[in-house]
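Participant: Compute the structure for the input listed below.
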Amino acid sequence: MNDDQRSHGLWEASAPAAPAAARLAGHAGAVDVVIVGGGFTGLSAALHLCEGGAGVVLLEAEEFGFGGSGRNVGLVNAGLWAMPRTLPDLLGPVYGQRLLQLLGNAPELVYQLVDRHGMDCQAVRNGTLHCAVGARGLKEIRERWRQWKEAGAPVELLDADATARAVGTTAYSGSLLDRRAGTIQPLAYVRGLAHAAANAGARLHTRSRVVSVQDRQTHWQVRTAEGRVDAKWIVVATDAYTRDIWPELQQQQVRLPYFNMATRPLGEGLRARILSNREGVWDTRKVLSSFRFDRDARLVFGSVGALRGAGARVHENWGRRALAKLFPELGSVEFEYEWYGQIGMTSDALPRLHQLARNTLSFTGYNGRGIAPGTTLGRELARLILGRIDIMDLPLPLSDPEKAAFKSAREAFYEYGAVAAHAAGARF
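Facilitator: You can find the predicted model right below:
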């Protein structure tokens, strides 16, 4: 996108086409809801609103999935980064349990939508493996396993031998298998949501950055450079890529860069030995790594870091060394695609619900878990606007955006700290 091969990489090269969407031009009339942002949350909200009979215009500043929705690893995980028990501790028993249950079941909604709308997005529901590095990592996944089991989740703790058989490497001391989860081609899924929303009646516009919003008391007037539309409600679904109109949404998040690199398609022998059941993997390291296969048996390998400046070469070289240690049988690794994006992180690793103005709502702060939570929370906003639930029934309480402390310094630390860590070498 935008002539940048490192923005979406393999995902853009292998995703089916998005639905046709022109710029907003002229006066588009009045609708029930304007949605700003064409990622998982915005497009899920658009789809569910239209299915409920609402009139919807969606405005995307670039192209569908331009932000984190089209750049990530593609792990359809249940829950959040935070331990399950943390949610009731931080949010109280009502909201905490509600969010835990909703997001624990969130992958189910993703795969239901894929099946219902016939989305061609490489959806595989064989689970994910959270792999432990060393004794500390094993302690972490054991506790996560225990807490999920208490919540009734279908998770399994694998020892080192079982993990080695599942993954194809002896690098890990154990793993947590979550059978609710799986993998997906994220940009293809975003485009699938866009097709489904358009078919349901949503009016979708790309290259339509919002330049102003005005409260006319009876409705909102939303303007782009070339057009305007009136609406009773606004849903802001721009998350870590928010700019201009609602800068407080980005200011409350510390952005963490994350890159992915995809090998050339592997041969049959390697396909059988590495992730033979095609789970998605991520590990417990502070500078974590992740990997999974795509449909054509490319191994997609990622970690913290931005592929720009000195970091581009450092991370690429590190990726070759790291894969060689994990899977020596790969030999000399060649990467066919490289890309990266930004993850928006909140202070407690939980998302936020904000009422930014009258009838203006936003879920934000997915902390690297955008696919299933974004899809599900977009649906919840639709249910609220349609009058099917009250705002007190949502899975998060309303809160005011709070600026992250030392935001710029922490973002620089993550980017350049990842360069330093990867330059020092990979240890597995």
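Participant: can you pull the buried residues of the helix or strand where residue 418 lies?
Facilitator: Residue 418 belongs to helix 407-424 when assigned by DSSP states H and E. Residues 410, 411, 414, 415, 418, 419, 421, 422 are the ones in helix 407-424 that count as buried (16 or more other Cβ atoms under 10 Å). C-betas here are computed from N, CA, C, even on glycine.
Participant: Over to stretch 332-350?
Facilitator: Buried, per 16+ other Cβ under 10 Å, within stretch 332-350: 333, 335, 337-346, 348-350.
Participant: That stretch: how far from the chain's middle?
Facilitator: 10 Å (Cα atoms, centre = their mean, to the nearest Å).
Participant: And the average pLDDT for it is what?
Facilitator: For stretch 332-350, mean pLDDT rounds to 95.
Participant: how about the CA coordinates for it, as PDB?
Facilitator: Extracted C-alpha coordinates of stretch 332-350, given in PDB (Å, rounded to 0.1, in the frame of the first residue of the first chain):
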ATOM      1  CA  SER A 332      20.200 -21.000   4.700                       C
ATOM      2  CA  VAL A 333      17.000 -19.000   5.200                       C
ATOM      3  CA  GLU A 334      15.700 -16.600   2.500                       C
ATOM      4  CA  PHE A 335      12.900 -14.200   3.200                       C
ATOM      5  CA  GLU A 336      10.500 -13.500   0.400                       C
ATOM      6  CA  TYR A 337       8.500 -10.800   2.200                       C
ATOM      7  CA  GLU A 338       9.100  -8.400   5.100                       C
ATOM      8  CA  TRP A 339       6.700  -5.900   6.700                       C
ATOM      9  CA  TYR A 340       5.900  -4.200  10.000                       C
ATOM     10  CA  GLY A 341       3.400  -2.100  11.900                       C
ATOM     11  CA  GLN A 342       2.600  -0.700  15.300                       C
ATOM     12  CA  ILE A 343       0.900  -2.200  18.300                       C
ATOM     13  CA  GLY A 344      -0.900   0.200  20.700                       C
ATOM     14  CA  MET A 345      -0.400  -0.700  24.300                       C
ATOM     15  CA  THR A 346      -2.200   0.600  27.400                       C
ATOM     16  CA  SER A 347      -0.800   0.900  30.900                       C
ATOM     17  CA  ASP A 348      -2.500  -2.300  32.100                       C
ATOM     18  CA  ALA A 349      -2.800  -4.200  28.800                       C
ATOM     19  CA  LEU A 350      -6.600  -3.800  28.800                       C
END
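Participant: Looking at the nearest residue to residue 306 once chain neighbours are set aside now. What's its pLDDT?
Facilitator: Among residues not flanking residue 306 along the chain, residue 257 sits closest, at 3.7 Å (Cβ to Cβ, 6 or more residues apart in numbering). On pLDDT, residue 257 comes in at 97.
Participant: Okay, now the sheet partners of the helix or strand harbouring residue 257, with direction.
Facilitator: According to DSSP H and E, residue 257 maps onto strand 254-263. Take DSSP bridges as the rule and strand 254-263 pairs in its sheet with strand 299-304 (antiparallel), strand 335-345 (antiparallel).
Participant: Quick one: closest of those strands to residue 77.
Facilitator: strand 335-345 (13.3 Å; Cβ to Cβ).
Participant: Serialize the buried residues of helix 407-424 to CSV and add fields for distance to residue 304 and pLDDT.
Facilitator: Shown next, in CSV, are those (distance: Cβ to Cβ, whole Å; pLDDT from 0 to 100):
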residue, distance to residue 304, pLDDT
410, 13, 96
411, 12, 96
414, 7, 95
415, 9, 96
418, 4, 96
419, 10, 96
421, 8, 94
422, 9, 95
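Participant: Residue 26: which of the residues you listed is nearest?
Facilitator: residue 411 (39.1 Å).
Participant: Run through the residues that contact the closest one.
Facilitator: 254, 255, 256 (Cβ atoms under 8 Å, 6 or more residues apart in numbering).
Participant: Among these, filter down to the buried ones and hand me the ChimeraX syntax, if you would.
Facilitator: Provided next is the ChimeraX selection string for whichever of the contacts of residue 411 are buried by 16+ other Cβ under 10 Å:
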select :254,255,256
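Participant: Just name the closest of the contacts of residue 411 to residue 398, please.
Facilitator: Among the contacts of residue 411, and counting by Cβ to Cβ, the member closest to residue 398 is residue 254, at 21.9 Å.
Participant: From residue 38, how far out is the closest one?
Facilitator: 24 Å (Cβ to Cβ, to the nearest Å).
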